[in-house]
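**Student:** Fold the following and give me the result.
(2 chains, ligands or ions: 2)
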Amino acid sequence: MAEVIVVTSGKGGVGKTTSSAAFATGLAQRGKKVVVIDFDVGLRNLDLIMGVERRVVFDIVNVIQGEARLNQALIRDKRVDTLSILPASQTRDKDALTKEGVGTIIEELSKDHDYILCDSPAGIEKGALLALYFADQAVVVTNPEVSSVRDSDRILGVLQSKSKRAEEKRDPVKEHLLVTRYDPARVEKGEMLKLDDIREILAIPLLGVIPESESVLRASNTGTPVVMDAESIAGQAYKDAVGRFLGEKVEHRFLEAQKKGIFSRLFGGRAA
Amino acid sequence: MSWLDFFRSRKPEPATADQAKERLQIVLAHERIGRTREDFLPKLQQEIVMVVAKYVAIDPGKVNVSLDRGGDMSTLAIEIDLPGPQGAGLRRAS
Ligand SMILES: Nc1ncnc2c1ncn2[C@@H]1O[C@H](COP(=O)(O)OP(=O)(O)OP(=O)(O)O)[C@@H](O)[C@H]1O
Ligand SMILES: [Mg+2]
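**Tutor:** Numbers count the residues shown, from 1 in each chain, chains lettered A, B, ... in the order given. Ligands and ions are numbered 1, 2, ... in the order given. Next up is the predicted model:
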């Protein structure tokens, strides 16, 4: 039986897709059988971030509508062999997704995977609700910024009331806070919400803090999940978060502004 | 870290924006076609399976379609598992 993990936020553009790709790849690199599903029907992007956009033949809507079998729609990653991607449809709208259809897909994937990651679209409409409905665990992606924190709080409320676990009065969805685009220099200057403030307000266990990093854009340019970039501090932070998720004790890193030495000042060194 | 390492690690990163542009050009060219013309792949696959099934007993689940979209050329590979001589019940041509 697989664990279903939704990567969600309420607010748009905070790093859900970046985190889904990194997390799925990170778990697969640890030998887990992982499938990552793009729930952003109409605006698919996970395929680009995973670098498989040229290989998409069928998508989740084709499977729900019986036009393709699930194993025909899954794209197997060429770099990590325990990882596959189920793309969203680019041409239909969110109404093409149904609870029954998604339920059947998740049930089938459960049989031969350890983790099913659901990359949620922004908002709290149908697509986002379906992405979180079957979740056992939730990674709530939050930026150090007021509207993002508020929307995260809102989505936590939705998880607690509208998920299948909530409806069936089972144990609640296990919640994890993932703070992304954290810029310690700006936090130190008092321009950005502090990690402790976010933790105090949302009051859910902290899974990781991903620093703002230029390597994320480089990763999306090339279609390589940032966790594969060993030099990248964001990639390393994702790797740490995966370790914590698997129950390891890993210290949080990159929480303080890097003191610039004379050389990096001279050469204009930036966060990798 | 030795001095040499310091300078080695400073070698300029290859720029990746060109790669981003090329990937986008390819994927968008294909998506724009899809906007005016209905996606024919599901139907194409169904029809191929039907034709093959007329001649051999195949499992429709064992039909794999893979695609690689390119700028000048795309390749579509359709892979069908045919049952072995026992399972197929091949009749000798008379
Ligand atoms: N740690 C980071 N450092 C720098 N840029 C980042 C970081 N994380 C994400 N980004 C950038 O933020 C933007 C939004 O990221 P992403 O697409 O992952 O967000 P999203 O939550 O999936 O968005 P949407 O709500 O539209 O689905 C992208 O341009 C991405 O490159
Ligand atoms: Mg996204």
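**Student:** all contacts plus neighbour counts: C-alpha atoms, from now on.
**Tutor:** OK.
**Student:** count of residues packed around residue 39?
**Tutor:** Picking chain A for this. Neighbours of residue A:39 under the rule other C-alpha atoms under 10 Å in any protein chain shown: 29.
**Student:** meant chain B actually
**Tutor:** As a burial measure, residue B:39 scores 15 neighbours (other C-alpha under 10 Å).
**Student:** Can you tell me how far it is from residue A:192?
**Tutor:** Computed as C-alpha to C-alpha, to the nearest Å, the residue B:39 to residue A:192 distance reads 46 Å.
**Student:** State the pLDDT value of residue 5.
**Tutor:** I went with chain A, as the question did not name one. Per-residue confidence for residue A:5 comes out at a pLDDT of 98.
**Student:** if you could check chain B rather than the one you did, that'd help
**Tutor:** Confidence score, pLDDT, at residue B:5: 54.
**Student:** Which positions in the stretch 51-200 of chain A make contact with ligand 1?
**Tutor:** Residues of the stretch 51-200 of chain A lying close to ligand 1 (C-alpha under 6 Å from any ligand atom) are A:121-122, A:180-181.
**Student:** Using PyMOL, define a selection of the buried residues within these.
**Tutor:** To isolate the buried ones among these in PyMOL, judged by 16 or more other C-alpha atoms under 10 Å in any protein chain shown, type:
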select buried, chain A and resi 121+122+180+181
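**Student:** Put together JSON lines for the residues of the stretch 51-200 of chain A next to ligand 1, with distance to chain B, secondary structure and pLDDT on each row.
**Tutor:** Converted to JSON lines, those look like this (distance: C-alpha to the nearest C-alpha, whole Å; DSSP: H, G, I helix; E, B strand; the rest coil; pLDDT from 0 to 100):
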{"residue": "A:121", "distance to chain B": "20", "secondary structure": "coil", "pLDDT": "97"}
{"residue": "A:122", "distance to chain B": "23", "secondary structure": "coil", "pLDDT": "97"}
{"residue": "A:180", "distance to chain B": "23", "secondary structure": "strand", "pLDDT": "98"}
{"residue": "A:181", "distance to chain B": "21", "secondary structure": "strand", "pLDDT": "98"}
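**Student:** which one of the residues of the stretch 51-200 of chain A next to ligand 1 sits closest to residue B:18?
**Tutor:** residue A:181 (24.5 Å; C-alpha to C-alpha).
**Student:** Please name the spatially closest residue to the closest one (chain neighbours excluded).
**Tutor:** Distance criterion C-alpha to C-alpha, 6 or more residues apart in numbering or on different chains; nearest residue to residue A:181, sequence neighbours excluded, is residue A:212 at 3.9 Å.
**Student:** Likewise for residue A:81?
**Tutor:** residue A:28 (7.9 Å).
**Student:** Isn't the one you found up against residue A:83?
**Tutor:** Yes - the criterion here is C-alpha atoms under 8 Å, and residue A:28 meets it with residue A:83 at 5.7 Å.
**Student:** of these two, who's got more company?
**Tutor:** residue A:83 (25 against 20).
**Student:** what pairs with that one across the strands?
**Tutor:** Beta-bridge partners recorded for residue A:83 (DSSP bridges): residue A:34.
**Student:** Touching, it and residue A:30? I think so.
**Tutor:** No - counting by C-alpha under 8 Å, residue A:83 does not reach residue A:30; the two are 10.7 Å apart.
**Student:** on that earlier part again, which neighbours do residue A:28 and residue A:83 share?
**Tutor:** residue A:34 (C-alpha atoms under 8 Å, 6 or more residues apart in numbering or on different chains).
**Student:** can you give me the strands in chain B?
**Tutor:** B:63-68, B:75-80 (DSSP state E).
**Student:** shouldn't residue A:199 be in contact with residue A:209?
**Tutor:** No - contact criterion C-alpha under 8 Å: residue A:199 and residue A:209 do not qualify, at 11.1 Å.
**Student:** just checking, what's the longest helix in chain B?
**Tutor:** helix B:17-36 (DSSP state H).
**Student:** so who does the residue of chain B found nearest ligand 1 touch?
**Tutor:** The nearest approach of chain B to ligand 1 comes at residue B:20, 12.3 Å away (C-alpha to the nearest ligand atom). The neighbourhood of residue B:20, defined by C-alpha under 8 Å, 6+ apart, consists of A:220-222.
**Student:** how about the residue most central in space within chain B, what does it touch?
**Tutor:** By C-alpha atoms, centre = their mean, chain B has its centre lying nearest to residue B:67, at 1.7 Å. Residues counted as contacts of residue B:67 (C-alpha under 8 Å, 6+ apart) are A:54-57, B:74-77.
**Student:** What's the PyMOL line that selects buried ones from those residues?
**Tutor:** To isolate the buried members of these in PyMOL, using 16+ other C-alpha under 10 Å:
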select buried, chain A and resi 54+55+56+57
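**Student:** Could you dump the contacts of residue B:67 into CSV with pLDDT added?
**Tutor:** Converted to CSV, the contacts of residue B:67 look like this (pLDDT from 0 to 100):
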residue, pLDDT
A:54, 92
A:55, 92
A:56, 92
A:57, 89
B:74, 84
B:75, 86
B:76, 85
B:77, 87
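**Student:** Backbone dihedrals for residue A:206, both of them.
**Tutor:** Phi and psi for residue A:206, reported as degrees, to the nearest 10, are phi -90, psi 120.
**Student:** So what pairs up with it in the strands?
**Tutor:** Applying DSSP bridges to residue A:206, the residues it is bridged with are residue A:177.
**Student:** Show the contacting residues for it.
**Tutor:** Applying C-alpha under 8 Å, 6+ apart to residue A:206 gives the contacts A:176-178, A:199.
**Student:** cutoff 7 Å now
**Tutor:** Counting by C-alpha atoms under 7 Å, 6 or more residues apart in numbering or on different chains, residue A:206 touches A:176-178.
**Student:** Many thanks, have a good one.
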